[in-house]
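**Student:** With the input below, show me the fold.
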Amino acid sequence: MFNRYELFAWVAERGLPAVANGDFHQPEHLRGWKTLLPCLKSEDAVGDYFRSALPAFLTRIDDVPLGQAA
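**Tutor:** Model prediction:
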C-alpha cells in the first residue's frame, strides 16, 4: 500500500496486492502514488474492477504545476 509518498512494507511482506491511495482535497494532494483503473468512474465499476483478475496500475505523480492540477 502506498499513501502519498509512504510505502507500507507489511503489505508486500504478506503478499497482498498493492494499491495507492490518499485523500485528494487540494491540488497539492495530487502529488504522490495513485492507482489507475481503466473502468467507469462509479463506485460499482471500481468495486467490480478490484474484484476481477484485471491488473491495477500504479503511478507516482511528482511534478505537476499547481495551476494545472485538477
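**Student:** Tell me which residues are up against the longest helix out of those in the chain.
**Tutor:** The longest helix of the chain (DSSP state H) is helix 43-51. Residues outside helix 43-51 that contact it (C-beta atoms under 8 Å, 6 or more residues apart in numbering): 37-39, 56. C-betas here are computed from N, CA, C, even on glycine.
**Student:** tell me the average confidence for it?
**Tutor:** When pLDDT is averaged over helix 43-51, the result is 92.
**Student:** immediately after it, which helix or strand?
**Tutor:** strand 57-61 (DSSP states H and E).
**Student:** And the pLDDT at the nearest residue to Pro17 once chain neighbours are set aside?
**Tutor:** Of all residues not flanking Pro17 in the chain, Ala56 sits nearest, at 7.2 Å (C-beta to C-beta, 6 or more residues apart in numbering). Listed pLDDT for Ala56 reads 85.
**Student:** I'd like the distance from Ala56 to Asp62, if you could.
**Tutor:** To Asp62, Ala56 is 20 Å away according to C-beta to C-beta, to the nearest Å.
**Student:** the more surrounded of those two?
**Tutor:** Neighbours per residue, other C-beta atoms under 10 Å: of Ala56 and Asp62, the larger number sits with Ala56, 16 against 8.
**Student:** ok, now which ones touch the more buried one?
**Tutor:** By C-beta under 8 Å, 6+ apart, the contact set of Ala56 is 17-19, 35-37, 49-50.
**Student:** Send me stretch 13-30 as CSV with only the CA atoms.
**Tutor:** The C-alpha trace of stretch 13-30 is given here as CSV (Å, rounded to 0.1, in the frame of the first residue of the first chain):
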residue,chain,number,x,y,z
GLU,A,13,5.6,-8.9,3.1
ARG,A,14,2.1,-10.5,3.4
GLY,A,15,1.8,-10.9,-0.4
LEU,A,16,-1.2,-8.5,-0.6
PRO,A,17,-2.0,-6.6,-3.8
ALA,A,18,-0.5,-3.1,-4.0
VAL,A,19,-3.0,-0.2,-4.0
ALA,A,20,-2.1,3.5,-3.9
ASN,A,21,-4.5,5.8,-2.1
GLY,A,22,-4.9,9.1,-0.3
ASP,A,23,-7.3,11.9,0.2
PHE,A,24,-7.5,14.5,-2.6
HIS,A,25,-8.9,17.7,-1.2
GLN,A,26,-6.5,20.3,-2.6
PRO,A,27,-4.4,20.5,-5.8
GLU,A,28,-1.1,19.9,-3.8
HIS,A,29,-2.5,16.5,-2.7
LEU,A,30,-2.3,15.3,-6.3
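**Student:** Kind regards, and thank you for your time.
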